[in-house]
Structures are given as structure tokens and as C-alpha cells.
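Visitor: Below: sequence and its predicted model.
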Amino acid sequence: MIDDITEWERKEGVKFLKEIGIKFGQIVLDFGARSGHYSIPAAQIVGSSGQVYALDKEPGELKDLSRKAKHFNLNNIKIIPTNGGVTLDFKSESIDVVLLYDVLHYLEKKEREKLYRETYHVLKGDGFLSVYPKHVIEDSPLNHFRDLHWEEVKKEIQDLNFKFREKYCDTISHDDSFNYGCVINFVKE
């Protein structure tokens with residue numbers, strides 16, 4: 001399956017992230033990047049004029065991401081180890097796209113709200129937030145999302161000054177396999 005994931009990162013993942021709106025030259029923040037299933041295709045899209053910041057708390061996952069970035073000759077990924085907190089140490093309005101994919105179910109509501117506020121602060125005025133709310137009731141319920149519908153996650157984000165832009169569904173990467181899932185995109189109000 002790993003070879004299939006690598007192929008997805010090189011082709012289908014690029015197509016998927018272009019569909020949601022990532023473009024050449026942008027600065028992307030992949031919060032909870034793990035081994036780079038989204039950082040790798042994002043880096044291919046943004047090219048040498050862009051930058052991908054890959055944040056994660058798992059050193060082993062970041063080591064895998066570093067190895068893959070080197071293998072694909074992607075010099076535009078900056079790997080940032082974290083302690084698992086939700087503070088985003090970036091300048092105000094410095095990021096074009098923030099990806100919160102398959103991470104929110106680990107956080108309690110207050111932590112999620114803090115992360116949304118931090119995201120709002122670092123996003124450029126014309127930037128967008130893209131969320132994959134995996135593990136809600138409609139999609140393998142787990143942890144803090146086991147009692148939430150995706151619409152409730154959408155409302156949570158909208159309540160903190162984000163405007164819903166679109167929902168996009170396709171076959172996407174989840175851990176080291178594939179999943180039919182939906183991402184929801186937001187812009188600043």
C-alpha cells in the first residue's frame with residue numbers, strides 16, 4: 001500500500017490539492033503533517049516560488065517526510081517539530097493556505113477554537129482554510145468527534161469569523177491507505 005500512497009502523493013494528491021485551490025507560489029501550512037501525504041503534493045504544486053511548512057509532533061513521521069522530500073528533490077518543505085500544541089508561530093497574514101487534515105478529532109473544543117483563531121491570524125486576507133474533519137459521525141467516529149456531525153464542525157469554524165466556501169469530496173489519503181472523504185474550505189470574513 002505504501003507504493004500506492006507514494007503514487008497518490010505524486011499524481012492524485014496533486015490533482016486533489018489543485019482542485020481545492022492550492023496554486024503555484026503559495027505558502028501552505030500543513031498542521032499535523034505526519035509523513036507528508038499532503039505536504040508532498042502541496043510542495044509540488046507551489047513549486048520553488050512557494051513554501052510548505054509541515055508541522056507535527058511525531059519525530060519518526062517527520063523523518064519519513066524529510067526522506068521523501070529529499071527523494072523527490074523538494075527543497076521547499078520546511079519541517080517544524082512541535083510539542084503538540086495549537087499555537088502557530090508565524091507572522092500575521094503570512095500564510096495562503098492552512099490544511100487541518102485528520103487532526104481536529106484529537107482536540108477538545110476549546111483547543112480547536114484556539115487553533116481556528118490562530119489560523120485566522122496567520123492566514124492572508126485572500127487565503128483559505130481547508131479542513132478534513134475525519135472521524136465525525138459520518139466518517140468513522142472517534143475521540144472528540146464521535147458525537148459530532150460534519151455540519152457541527154462547519155458551524156464551529158464559522159462561529160470564529162470564517163465563511164464557508166465549498167465542500168469537496170474525493171478519494172483521499174488517510175494514514176497509509178485511501179478513504180473517500182470530504183474537505184470543507186473556508187475564507188476569512
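Guide: Perfect, thanks for sending it. Numbers count the residues shown, from 1 in each chain.
Visitor: Can you name the element that comes right after the lowest-mean-pLDDT helix or strand in the chain?
Guide: Taking mean pLDDT, DSSP states H and E as the measure, the chain has helix 2-10 as its least confident helix or strand, at a mean of 83. Moving toward the C-terminus from helix 2-10, the next helix or strand (DSSP states H and E) is helix 12-20.
Visitor: which parts of the least confident helix or strand of the chain are buried?
Guide: Of all the residues in helix 2-10, those buried under the rule 16 or more other Cβ atoms under 10 Å are 5-6, 8-9. Placement of C-beta: from N, CA and C, glycine included.
Visitor: got any ranges where the chain has weak pLDDT?
Guide: For the chain, residues meeting the criterion pLDDT under 70 lie at 1-2.
Visitor: Nearest residue to the middle of this structure?
Guide: L99 (2.3 Å; Cα atoms, centre = their mean).
Visitor: How about the secondary structure of the closest residue to that one other than its chain neighbours?
Guide: In space, and not counting its chain neighbours, L99 is closest to D30: 4.7 Å by Cβ to Cβ, 6 or more residues apart in numbering. The three-state assignment at D30 reads strand, by DSSP: H, G, I helix; E, B strand; the rest coil.
Visitor: What about D126, how many residues nearby?
Guide: 9 (other Cβ atoms under 10 Å).
Visitor: Kindly report the same for the one 5 residues further on.
Guide: Other residues near V131 number 25, with proximity taken as other Cβ under 10 Å.
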